[in-house]
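**Student:** prediction below, plus the sequence it came from.
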Amino acid sequence: MNALRRLLFTKIDNSPLLIFRIFFGILVSLECYGAILTGWVRDTLINPNFTFNFIGFEWLQPLPGYGMYIYFFVMGTLGVGIALGYKYRFSIISFTLLWTGVYLMQKSSYNNHYYLLILISAIMCLFPANAGYSSDAKKNPSIRTEHMFGYVKWVIVLQLFIVYTYASVAKLYGDWLDFGIIKILMSNKAEYYIIGDILQQPWIHKIIGVCGILFDLLIVPALLWKPTRKFAFFASIFFHLFNSIVFQIGIFPYLSLAFIVFFFEPETIRNIFFKKKTLYTKNKIAIPSFKNTALLLGSIYFIIQLVLPIRHYFIKDNVLWTEEGHRMSWRMMLRSRTGTIKFNVVNEETKASSFVNLDDYLSKKQKKRIAAYPDFIWQFAQHLKKKYAEKGETVSVYAVNSKVSINGKPYRAFIDPKVNLANETWKHFEHHEWILPSN
C-alpha cells in the first residue's frame, strides 16, 4: 500500500503534462478543421438523409443545414484554446462533450481512435494541465505550479497499456496469424507511390503481422524500462508514421507519439521544451484531501476499461461474425466485411410487399456498412418502420438475401429472412438470434 501511495501521490515535475496539453490541443484542432476541409463533415454528417447513431442516442442528430460545419469549427477553436491554456477548463470540458456528441451521433465512419480521444479528453478534464505555459497561468499566477501528482502519469500509462495489450491479444486469431487479413488490408494500397508494390509482397505481410503483435504487446513496457526506452521511441516513430502514411487515419498516429512524453524523465522533457522552467526535484509524497474519491473513481473507471473490451466473450457466437461486442474493445484492423442485402417491406393490412431502393435513403458509405453490420441492419429496419408509419402504414420489415463475406471468405447467409426486424428490440450485451450462426 505504501508503494502504491508513493507511486500515485508523489509530486513530480509537470513538464510532460504541460507539453502534452499543447500537443493535444494542436492535434485536435487539426483533426476538427481537417474534417471540414477534407469533406468528411459534408459526406458523413450533412449529405446523408439518415444517420446511424449509436443505438440509444437517436436523439443526437446532426445540426440542420451547415450547422455541423460550425460545430466542427467550434471544436477546432476549442482545441486552440486547449493548446494555449486559454480558459482551459472550459475549453477541454466543452471539447470533450462536443466530441462525445459527434462520436455517438454517427458510426458510419467508426474508428477505435475516436473512442480513445473521448477517454483522453475526459481524463484531461481532471488534470491541472494549465498550471504553466498557459494563458490561464499568465493571467492568474496563483494557479502556476511546477509539479503534478504521480497519478497523472500513471493514469495515462495504464490507459495506453490497456489499449495496446487488448489490441495485441485480439490479433491472435487465424486470419491475422496466416497474414490473410493483412494481404486484404494492403490490397487497396497498390497504387501508392513507391511503396505500393512493396506492400503487396508476402514477406512484407509477415513482417507487418509479427511486428503488429509484438509492438502492441511490448511497446508500453519497453518505453517504461530505461534500457529499452530509446529503441522503443524510434520504433514508435517508425510504426506510427507507417500507419499514418499507409492507412491515413488522421491525427491519431501523432497523438500516439505525443503520449511518449509521459515515459521520459521530466528533466528530459523540461530540457527539450521548457528550458527556462524551474525543474521540480523535491519529489515529496503529499496525500491530497480527495485521495479516497480519486482512488474510488479511478478504480471504477479502470475496471470498466478492463471489462468492456472482453464482453464479447460472454455473448453467444464469434464476435468476428456477429460484431456483437466489437466496438470499444480495441479490436483494430482485424477484419474486412462486405455484404449484400435487400429489405422487403410488407404492409400488415394488405399484405402487399415491395423491395426498398437503398439509394432513396442512404449514402454510398452507408450502403457499404448496412449490408455487413447487424446493428445497421436493425436500425434501418426501425427507420423504415417509422417512415411508413408516418404515411399511416403498419409494416413488417425483412432482410432477405442477406449474405456476408469476412476477410475475403465465401459469402454466407447472415440474417434470418423470416424475422420481422421491425418488431425486434436491440440488446446491447446479448446475442440476437436473428443473426444466423457462424457455423
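**Tutor:** Yes, it's here.
**Student:** only C-alpha atoms for contact and neighbour calcs from this point on.
**Tutor:** Noted.
**Student:** residues contacting residue 429?
**Tutor:** By C-alpha atoms under 8 Å, 6 or more residues apart in numbering, the residues touching residue 429 are 311, 315, 324, 325.
**Student:** so residue 32 touches residue 72, yeah?
**Tutor:** Yes. In this structure, residue 32 is within contact of residue 72 by C-alpha atoms under 8 Å, at 5.4 Å.
**Student:** before we move on, back to that, out of the contacts of residue 429, who's nearest residue 368?
**Tutor:** Checking the contacts of residue 429 against residue 368 with C-alpha to C-alpha, the nearest one is residue 324 at 18.4 Å.
**Student:** what about the closest one, neighbour count?
**Tutor:** By the criterion of other C-alpha atoms under 10 Å, residue 324 has 24 neighbours.
**Student:** can I assume it sits in a helix?
**Tutor:** No. Using DSSP: H, G, I helix; E, B strand; the rest coil, the secondary structure at residue 324 is coil, not a helix.
**Student:** now it: how far from residue 433?
**Tutor:** 12 Å (C-alpha to C-alpha, to the nearest Å).
**Student:** same thing with residue 350?
**Tutor:** 28 Å.
**Student:** return the residues in contact with residue 405.
**Tutor:** Residues in contact with residue 405 (C-alpha under 8 Å, 6+ apart) are 337, 338, 339, 411, 412.
**Student:** buried subset of the residues you listed?
**Tutor:** Among the contacts of residue 405, those classed as buried by 16 or more other C-alpha atoms under 10 Å are 337, 338, 339, 412.
**Student:** is it true that the second one touches residue 372?
**Tutor:** Yes. Contact between residue 338 and residue 372 holds when scored by C-alpha under 8 Å: they sit 5.5 Å apart.
**Student:** quick one: average confidence on stretch 290-305?
**Tutor:** Stretch 290-305 comes out with an average pLDDT of 95.
**Student:** can you map out the strands along this protein?
**Tutor:** Ranges of strands within the chain are 11-13, 147-149, 337-347, 353-355, 395-406, 412-413, based on DSSP state E.
**Student:** out of those strands, nearest to residue 45?
**Tutor:** By C-alpha to C-alpha (comparing all of these), the closest turns out to be strand 337-347, at 22.6 Å.
**Student:** neighbouring strands - and their directions - for the closest one?
**Tutor:** When pairing is defined by DSSP bridges, strand 337-347 lines up against strand 353-355 (antiparallel), strand 395-406 (antiparallel).
**Student:** for residue 15, which of the ones you listed is the nearest?
**Tutor:** Nearest of those (C-alpha to C-alpha): strand 395-406, 46.2 Å.
**Student:** partners of residue 11 in the sheet?
**Tutor:** Counting by DSSP bridges, residue 11 forms beta bridges with residue 149.
**Student:** what residues are up against it?
**Tutor:** 147, 148, 149, 150, 282, 283, 284, 285, 286.
**Student:** ok, now with 10 Å
**Tutor:** Shown in contact with residue 11 (C-alpha atoms under 10 Å, 6 or more residues apart in numbering): 146-152, 280-287.
**Student:** what's the closest of these to residue 111?
**Tutor:** Nearest member of these to residue 111, counting by C-alpha to C-alpha, is residue 152, at 25.9 Å.
**Student:** that closest one - how many residues pack around it?
**Tutor:** Burial measure for residue 152: 23 neighbouring residues, criterion other C-alpha under 10 Å.
**Student:** likewise residue 70?
**Tutor:** Neighbour tally, residue 70, other C-alpha under 10 Å: 12.
**Student:** over to residue 238?
**Tutor:** Counted with other C-alpha under 10 Å, residue 238 comes out at 12.
**Student:** ok, residue 208 - contacts?
**Tutor:** Residue 208 neighbours (C-alpha under 10 Å, 6+ apart): 176, 179, 182, 183, 199, 202, 214, 239.
**Student:** the last one reaches residue 253, doesn't it?
**Tutor:** Okay, so that is residue 239. Yes. Residue 239 is within contact range of residue 253, at 8.5 Å (criterion: C-alpha atoms under 10 Å).
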